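>>> turn this into a structure:
(chains A and B)
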2 protein chains.
Amino acid sequence: MHNKFPSQLVEQAVEQFSNLPGIGRKTALRLTLHLLSKDPSYTHKITDALNRLRDEIVYCKCCHNVSDTEICSICSDPHRDKQTICVVQNVNDVIAIENTAQYKGVYHVLGGVISPIDGIGPSQLNIDELVNRIESERIKEVILALGSTMEGDTTNFFLYRKLSVFGIKISVIARGIAVGDELEYADEVTLGRSILNRTSFDDAIKR
Amino acid sequence: MHNKFPSQLVEQAVEQFSNLPGIGRKTALRLTLHLLSKDPSYTHKITDALNRLRDEIVYCKCCHNVSDTEICSICSDPHRDKQTICVVQNVNDVIAIENTAQYKGVYHVLGGVISPIDGIGPSQLNIDELVNRIESERIKEVILALGSTMEGDTTNFFLYRKLSVFGIKISVIARGIAVGDELEYADEVTLGRSILNRTSFDDAIKR
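Next up is the predicted model:
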């Protein structure tokens, strides 16, 4: 779709909206006209929130999660188990795991996974910082909670090799049939792993 | 979904994104984290474009279309037929009709339709301005191109009553079967109108 716009300002706003992921030019135009239909203060509230987000955001010095303070609310929570570190790819994974309300340890945000195709090697991720934490704090367990992709598996293996020298427990989140899913629609690898990694029914019904 | 966010700044950005039409909290979070994954300049480019849109937009003094100048590019185009005015509800309708490349007249943006339920009466629309244009310019035809809703029909009828005293041609855009549609899926009113308002086949094949 190549629209002729009645105004350069409209065209530039549409351009910027449609740069965002998942927003096409049609939606961008709808959002732009929506802003025009409202008071200027409505637009200013949005742009202020976005500018402040980007300019004032801090990354936790300990776990590299987004934060308002130098040490994030999870790392500074006295009720969290500081000896268990859950390693995740991104901030959204922290939010996703926090929403389960099942995990009481702390996190370490890698900032990505090893991906030679995208030119991302171990040095661009927060891996040295993770090693430092394990060296300086008394960590008992590291949980690898990366995505089940080739890059995630590569990163898991890299971390396993790097961390196994410390003699701590290294675990990986369970792969298996998603809750609510039928067996017949699962792929063989997932189904195979879910049989190999079966858990005691006693344990399962307690959850 | 009620997320606990690791940062107030993230929460406020998600809040503002999800105020936009068609954007839920999940998409809002994805957009927010997308901004964080990019340079600050990326966010600033977006917010600058939106602020400038809202602060600097001008409405054409003649047709009330959005514009960068006092008189919009359509009204000031010497190749457009200034004696034919197409009356539309909103700016998006101007863009939609311009994209057809079928119309060479000018526009008049009402800014809405008469809707007693929403408390919108004729005085809140640019109707007096339309009457002024017809009185002061030499208009030959007014095309009513409002949506085919109850409010659109009400507004059409109101305008017809108001404008018929000027002795100009008043037409309304054709209602009928959409191009590419099957007859069996059309509602009876549309199908009925498309039979009553049939056009000469000679005319139809020329288009």
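
>>> so where's chain A uncertain?
For chain A, residues meeting the criterion pLDDT under 70 lie at A:1-3, A:204, A:207.

>>> longest strand anywhere in it?
With DSSP state E applied, the strand covering the greatest number of residues in chain A is identified as strand A:81-88.

>>> and chain B, is the helix or strand that that one is followed by touching that?
Once the chain leaves strand A:81-88, the next helix or strand it forms, by DSSP states H and E, is helix A:91-100. Yes. Remark: helix A:91-100 sits within contact range of chain B at A:91-92, A:94-95, A:98-99, by Cβ under 8 Å from any Cβ of the partner chain. The C-beta positions use only the backbone N, C-alpha and C, and glycine is treated the same way.

>>> what strands line up against the helix or strand that comes right after helix A:91-100, and which way round?
Of the helices and strands lying after helix A:91-100 in sequence (DSSP H and E), the nearest is strand A:105-109. The sheet places strand A:105-109 alongside strand A:81-88 (parallel), with pairing taken from DSSP bridges.

>>> show me what counts as buried in the partner strand.
Buried residues in strand A:81-88, counted by 16 or more other Cβ atoms under 10 Å in any protein chain shown: A:82, A:84-88.

>>> which among those residues gets closest to chain B?
Comparing the buried residues of strand A:81-88 against chain B with Cβ to the nearest Cβ picks out A:Val88 as the nearest, at 11.9 Å.

>>> got the contact list for that closest one?
A:94, A:97, A:107-110, A:145-146 (Cβ atoms under 8 Å, 6 or more residues apart in numbering or on different chains).

>>> could you pull out the helices in chain A for me?
Counting by DSSP state H, chain A has helices at residues A:8-19, A:25-37, A:40-56, A:91-100, A:127-136, A:150-163, A:188-196, A:201-206.

>>> now do the shortest one: distance to the chain's middle.
Spelled out, it's helix A:201-206. Using Cα atoms, centre = their mean, to the nearest Å, the distance from the centre of helix A:201-206 to the centre of the chain it belongs to is 29 Å.

>>> which other helices and strands contact it?
Identification of packing neighbours for helix A:201-206 by 3 or more Cβ pairs under 8 Å, 6 or more residues apart in numbering or on different chains; DSSP states H and E yields no helix or strand.

>>> show me what A:Val106 is bridged to.
With DSSP bridges as the criterion, the beta-bridge partners of A:Val106 are A:Ile85.

>>> now for it: which residues touch it?
When contacts are taken as Cβ under 8 Å, 6+ apart, A:Val106 is in contact with A:62-63, A:74-75, A:80-82, A:84-86.
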